[in-house]
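Asks: Give me the fold of what follows.
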Amino acid sequence: YNINNLVDCTLMDRCEPLKEYSEFIGNGILKDFLTNNRNEVRSMSLFEFDAEEHEKAIKQIAYEDGYDRGEEAGAIRGRAELILSMFNSGKTPEQISDFCGLDLKEVEKIIEQSDGNSLDN
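Replies: This is a model prediction of the structure:
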């Protein structure tokens with residue numbers, strides 16, 4: 001049965017199927033059935049796991065995570081470019097803060113970090 005049963009009960013408490021599986025195995029509930037149908041059970045468990053599909057799912061999750069991070073980074077960069085463009089066209093940090101709805105300290109920090117230059121320079 002589950003080797004983590006005594007180590008980390010919170011995992012079992014949060015995952016009902018894992019908890020039920022552990023109880024079934026620990027109490028021998030399906031032992032006769034699984035023993036009598038060993039070959040079929042093995043065959044089913046081997047065919048149910050599709051490594052290619054699993055790999056695709058992992059890649060999709062990684063892609064989505066990377067996309068989200070890139071989107072967030074792009075939004076931050078775009079906001080900084082807007083702030084610097086406004087600053088370079090004569091707007092004060094206070095005006096920029098009011099216009100963009102950002103904290104004045106955040107606007108000032110972006111301007112200070114860039115020395116008032118575009119992020120591309």
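
Asks: Buried ones in the lengthiest helix in the chain, by neighbour count?
Replies: Scanning the chain for the longest helix, with DSSP state H as the assignment, gives helix 51-88. Across helix 51-88, burial judged by 16 or more other Cβ atoms under 10 Å covers 80, 83-84, 86-87. Using the backbone N, CA and C atoms, a C-beta is placed for each residue, glycine as well.

Asks: Turn the residues you listed into TSV, including pLDDT and distance to residue 62.
Replies: Formatted as TSV, these follow (pLDDT from 0 to 100; distance: Cβ to Cβ, whole Å):
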residue	pLDDT	distance to residue 62
80	95	27
83	96	32
84	96	33
86	96	37
87	96	37
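
Asks: Remind me what the following helix or strand past the longest helix of the chain packs against, helices and strands.
Replies: The helix or strand immediately downstream of helix 51-88 is helix 93-100, counting by DSSP states H and E. Using 3 or more Cβ pairs under 8 Å, 6 or more residues apart in numbering; DSSP states H and E as the contact test, the elements touching helix 93-100 are helix 51-88, helix 104-114.

Asks: and residue 26, how far is that from residue 19?
Replies: Here the distance between residue 26 and residue 19 works out to 10 Å (Cβ to Cβ, to the nearest Å).

Asks: between the two, who's got more neighbours?
Replies: Comparing residue 26 with residue 19 by other Cβ atoms under 10 Å, the one with more neighbours is residue 19, at 16 against 11.

Asks: Which strand or helix spans the more buried one?
Replies: Here residue 19, judged by DSSP H and E, is contained in helix 16-26.

Asks: That'll do, ta.
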